[in-house]
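Novice: Quick one, what's the 3D model for this:
(chains A and B)
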Amino acid sequence: MNKTISVKRYVPDNAAESYWQAFELPVDDSTSLLDALNHIKEQLDSTLSYRWSCRMAICGSCGVMVNGIPKLGCKTFLRDYDGEIRIEPLAHFPVQRDLVVDMEIFLEHLAAVKPYLIDDDPVKPFDPQAPETYRQSPAQLARYKQFANCINCGLCYSACPQFGLNPEFRGPAAIALAHRYNQDSRDHGKKQRMAELNRHEGVWSCTFVGFCSKVCPKHVDPAAAVNQGKVEAAKHTLIALFKGDEMNGEGKAHE
Amino acid sequence: MSKQAMSKPGSPQAASHQQAFDEPLWWGLFSAGGVCFAVLLPAVILFIGVLLPLGLLPADALSYERATALLFSVPGFLFVGAVVCLPLFHAAHRLRHGLFDISVGRDGFNKKLMYGAAALLSMLALGLVVAGMLS
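Specialist: As a prediction, this is how the structure comes out:
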């Protein structure tokens, strides 16, 4: 059985404008969109550019727009599409070539929320002779586990209309990961992250559209993380108001 | 990006750590207003807007004397706060973000306009209740 997919091409060496190109290819029930793109690259047009690596929804490289919805190519099967299949690069990111986008701004947002364990004040000093591991109960793990499944594919940024309007918005994945570390019992970096989240471009740019959680291939539910982050940011503000410090976020917490 | 960013003007560095200390207030009023909108307003509309005009309530349920006695009291003050003022702030928040979504106006101005209008109308509503209580 053959199906036709249309790919939005952008090859800056040849043409200043993007254009649509249709490819007809054989598909069966197990043909993923990534398989189709590989078939095009190998058999039909070797100039097509796209990113991919693992084929199993763990590397987060192959995100594209499928009929206007952000999806992972490897997790999308052509058997689910009867009519037209239009493939575009991820929305809201600058396009470099064909389906390859520049994700630099997402990486900046990610770095800004310090998505790693911060433990400036460990219970015991680290002893290389007798290193101790952190202890964590299943209940403590359950508090953040869901938000730890993010693979940084960026689909939620393409789904977020607020990121589309204002690319300075830290965005769903970065805020979900900030929340993941804030919820981690081993972490002590919440104060530093709250100064980042409690900005107009932090949690407060979110209007709870919720499409980020719908498109997330790992069911992270960033919309829930962002809105729990609003509660935390409100608490942070109240505490800061009563203590009368750190309101500008440029105090001790930010060096 | 030509779209108006929600950040305040200034150098990127100065704006980068600017805390949105007003947003928790607007969001808190928005949340409280949403609860009141969803829980109280349908009941209010049912009683005052449907059952009363249809004559399904006792004739003197909201007679002038009874209505003024109910409204111009501390519970009446709280009632107006819950069914008028908080929903006003809820609506103002939605309108402000809706205007940003369709790129109308500047967010800083829309904020003042929307929350200002909600505050003025709230003060008017509560002021009328207080005036009634004092007269």
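
Novice: Quick check: which ranges of chain A have low pLDDT?
Specialist: A:121-123, A:245-255 (pLDDT under 70).

Novice: Find the closest residue to chain B in it.
Specialist: For chain A, the residue closest to chain B is residue A:234, as judged by CB to the nearest CB, at 3.7 Å. For every residue, glycine as well, the C-beta is placed using N, CA and C.

Novice: which ones are touching that residue?
Specialist: By CB atoms under 8 Å, 6 or more residues apart in numbering or on different chains, the residues touching residue A:234 are B:24, B:27-28.

Novice: can you tell me the helix or strand for it?
Specialist: helix A:222-243 (DSSP states H and E).

Novice: cool, residue B:34 as well?
Specialist: Applying DSSP H and E, one finds residue B:34 within helix B:23-39.

Novice: what number of residues lie near residue A:174?
Specialist: Residue A:174 is flanked by 29 other residues according to other CB atoms under 10 Å in any protein chain shown.

Novice: Quick one: residues contacting it.
Specialist: A:106, A:109-110, A:112-113, A:115.

Novice: try 7 Å
Specialist: Listed by CB atoms under 7 Å, 6 or more residues apart in numbering or on different chains, the contact partners of residue A:174 are A:109-110, A:112-113.

Novice: Alongside chain B, which residues does the stretch 51-200 of chain A contribute?
Specialist: A:161, A:165-168, A:195, A:198-200 (CB under 7 Å from any CB of the partner chain).

Novice: Could you dump these into JSON lines with neighbour count, distance to residue B:59 and secondary structure added?
Specialist: Shown next, in JSON lines, are these (neighbours: other CB atoms under 10 Å in any protein chain shown; distance: CB to CB, whole Å; DSSP: H, G, I helix; E, B strand; the rest coil):
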{"residue": "A:161", "neighbour count": "14", "distance to residue B:59": "52", "secondary structure": "helix"}
{"residue": "A:165", "neighbour count": "20", "distance to residue B:59": "54", "secondary structure": "helix"}
{"residue": "A:166", "neighbour count": "21", "distance to residue B:59": "57", "secondary structure": "coil"}
{"residue": "A:167", "neighbour count": "20", "distance to residue B:59": "62", "secondary structure": "coil"}
{"residue": "A:168", "neighbour count": "21", "distance to residue B:59": "61", "secondary structure": "coil"}
{"residue": "A:195", "neighbour count": "23", "distance to residue B:59": "61", "secondary structure": "helix"}
{"residue": "A:198", "neighbour count": "27", "distance to residue B:59": "55", "secondary structure": "coil"}
{"residue": "A:199", "neighbour count": "27", "distance to residue B:59": "57", "secondary structure": "coil"}
{"residue": "A:200", "neighbour count": "21", "distance to residue B:59": "54", "secondary structure": "coil"}
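
Novice: what's the farthest-apart pair in those?
Specialist: For these, with distances taken as CB to CB, the pair at the greatest spread is A:161 and A:195 (25.8 Å).

Novice: which residues are contacting stretch A:124-138?
Specialist: For stretch A:124-138, using CB under 7 Å, 6+ apart, the contacting residues are A:185-186.

Novice: Quick check: end-to-end length of that stretch?
Specialist: Distance across stretch A:124-138, first residue to last, is 22 Å (CA to CA, to the nearest Å).

Novice: Would you verify that residue A:4 is located in a strand?
Specialist: Yes: assigned with DSSP: H, G, I helix; E, B strand; the rest coil, residue A:4 falls within a strand.

Novice: pretty sure it is in contact with residue A:26, am I right?
Specialist: No: applying CB atoms under 7 Å as the test, residue A:4 and residue A:26 come out as separate, 11.3 Å apart.

Novice: who touches both of those two?
Specialist: Residues touching both residue A:4 and residue A:26 (CB under 7 Å, 6+ apart): none.

Novice: Enumerate every residue touching the spatially most central residue of chain B.
Specialist: In chain B, the centroid-proximal residue (CA atoms, centre = their mean) is residue B:88; its distance is 1.7 Å. Counting by CB under 7 Å, 6+ apart, residue B:88 makes contact with B:118, B:121-122.

Novice: Mind checking which of these are in helices?
Specialist: Those of the contacts of residue B:88 mapping onto helices are B:118, B:121-122, per DSSP state H.

Novice: now, which of these lie close to chain A?
Specialist: Within the ones in helices among the contacts of residue B:88, nothing lies near chain A by CB under 7 Å from any CB.

Novice: Using neighbour counts, give me the buried entries of the contacts of residue B:88.
Specialist: B:118, B:122 (16 or more other CB atoms under 10 Å in any protein chain shown).

Novice: Would you list the phi and psi of residue A:96?
Specialist: Dihedral pair for residue A:96: phi -90, psi -50, per degrees, to the nearest 10.

Novice: was I right about it contacting residue A:102?
Specialist: Yes: with contact defined as CB under 7 Å, residue A:96 reaches residue A:102; the gap is 5.3 Å.

Novice: Pull the number of nearby residues for the residue in chain B that chain A sits nearest to.
Specialist: Residue of chain B nearest chain A, by CB to the nearest CB: residue B:24 (3.7 Å). By the criterion of other CB under 10 Å, residue B:24 has 21 neighbours.
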